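In: fold the following and give me the result.
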Amino acid sequence: MSSPLALSVAALKDDSHHRREKLSASTAGGSMSAAEEAEVKRVLFEADVQKASSAPPSKRKTGIRNRLFSMQQHGGMIAPRIVHNKGKSRRPPGLKALFSFLDLRQRGAMTNPSDFGATHVARTLQHELSKEASSTQLAENTWPFVKQRRKMVKGVSPPPRHSLTTGEKEYYVGEQLPPEAARHILISTTWRSGSSFFGEVLAQYPGAYYSYEPLHATYFQRQFDNDTLRADALRLTSSLFRCDYDDGVLRYLRHASKGRNNFLWQNNFRVWKACQNLLPAKAACFLPLFYKQTCPLFPVRVIKTVRMRVLETAALLDDPRLANLKIVVLVRDPRGVMNSRSAMEWCKNDQCANVDVICEHLR
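Out: Numbers count the residues shown, from 1 in each chain. From the prediction side, this is the model:
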């Protein structure tokens, strides 16, 4: 199944001549740089979109556009279309996306969905990390959803200084932080060891950017004894800690954008609440521009993975760009791990069901 981003571009490409003229007019002022536009295209124009664009217009209209705008979002953000026998359709009452894909060509916090979401995240972080912020509730319950385009969260004036950054230089909350100023935490463990719960606990810490199982994209349904995959996994982990944008992160965003993989992004609730209602089909969450604008705002960056062996993490400790990295090795009694795995249908091969392999992975 095509990703929401792929479907969104197919919808734009299949639009009428009038909409294409409107799109061209909106970019006449050069509001988006060539590099930024290229990054958007890299995510949006996947191979299946290129293939779909060569289909006859009638098939593109029914097979791509309608599928995009009939997608159902969690929380009722975009309700599914109801198709009647006469070929007409109507949409039940529900919240619509705050921006259109045409708005990606604009610039400004109130006109561009990526800028709007990043500003919302920065200002909400100011409230969370200010001295007046309450710590009696879970952070996940206090972070607001983006619901209105013309009403944005007000920032704290003056913005508070960061107390979680490292180094001698001072930063204000809402500023983009260089990698050397942020704190990096890697949770390394194996399946059914309680890592999801532990990761959720750390994600509640103020100012945490939580990447849940990013190696799901690299190791998805593959063997774990491939040196190339190991190198890719290390590069992706390092890039996410540094909020860098490269081909590995691009594959991760594409992988997470598919509906069945959205759970990989939902655990990063601070960003998820800000982005899922900005564009149709939650597409804003997986745009590289949005990632580059929001990730550097966070002073604490947490990655949880069950797909990286403990020995492999040593290479990350040797990375001079990750001087502030702390690795948490989470170990559960292997008897409890095996008992939990025995009930999992997906855990029948030796990589998962062999107790000797479990102990080897925890070395």
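In: quick one: low-confidence ranges for this protein?
Out: Applying pLDDT under 70 to the chain picks out residues 1-95, 131-137, 219-226, 350, 362-363.
In: can you classify Leu170 by secondary structure?
Out: Leu isn't right for residue 170; it's Glu. Under DSSP: H, G, I helix; E, B strand; the rest coil, Glu170 falls in the coil class.
In: so where do the helices sit in the stretch 201-350 of the chain?
Out: 227-241, 247-257, 263-266, 269-275, 288-294, 314-317, 334-341, 350-353 (DSSP state H, counting those that start in this stretch).
In: can you redo those as TSV with mean neighbour count and distance to Asn112?
Out: Every C-beta, even on glycine, is put in place using the N, C-alpha and C of the backbone. Below are the helices of the stretch 201-350 of the chain laid out as TSV (neighbours: other Cβ atoms under 10 Å; distance: least, Cβ to Cβ, whole Å):
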stretch	mean neighbour count	distance to Asn112
helix 227-241	18	24
helix 247-257	20	18
helix 263-266	18	20
helix 269-275	23	13
helix 288-294	22	9
helix 314-317	14	35
helix 334-341	15	45
helix 350-353	13	44
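In: would you format those as CSV with distance to Ser196 included?
Out: Putting the helices of the stretch 201-350 of the chain into CSV (distance: least, Cβ to Cβ, whole Å) gives the following:
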stretch, distance to Ser196
helix 227-241, 18
helix 247-257, 16
helix 263-266, 10
helix 269-275, 14
helix 288-294, 23
helix 314-317, 21
helix 334-341, 12
helix 350-353, 16
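In: of those helices, which approaches Phe116 most closely?
Out: Among the helices of the stretch 201-350 of the chain, helix 269-275 comes nearest to Phe116, with 8.7 Å by Cβ to Cβ.
In: elements contacting the closest one?
Out: Applying 3 or more Cβ pairs under 8 Å, 6 or more residues apart in numbering; DSSP states H and E, one finds that helix 269-275 makes contact with helix 113-129, helix 139-142, strand 208-212, helix 263-266, helix 288-294.
In: can you redo these as TSV with distance to Phe197?
Out: Shown next, in TSV, are the helices and strands packed on helix 269-275 (distance: least, Cβ to Cβ, whole Å):
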stretch	distance to Phe197
helix 113-129	22
helix 139-142	14
strand 208-212	12
helix 263-266	15
helix 288-294	25
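In: from Gly194, how far off is the closest residue in space to Phe286 that isn't next to it in sequence?
Out: Spatially, and ignoring its direct neighbours in sequence, Phe286 is nearest to Ser257 (3.9 Å; Cβ to Cβ, 6 or more residues apart in numbering). For Ser257, the distance to Gly194 equals 28 Å [Cβ to Cβ, to the nearest Å].
In: what about stretch 278-293, start to end distance?
Out: 15 Å (Cα to Cα, to the nearest Å).
In: returning to what we had before: wait, which of the helices and strands packed on helix 269-275 is closest to Lys154?
Out: Closest approach to Lys154 among the helices and strands packed on helix 269-275 is made by helix 113-129 (6.7 Å; Cβ to Cβ).
In: what angle sits between the closest one and strand 208-212?
Out: Per axes from the mean of the first three to the mean of the last three Cα atoms, to 10 degrees, the angle that helix 113-129 makes with strand 208-212 is 120 degrees.
In: show me what helix 113-129 is packed against.
Out: Here helix 113-129 touches helix 269-275, helix 288-294, going by 3+ Cβ pairs under 8 Å, 6+ apart.
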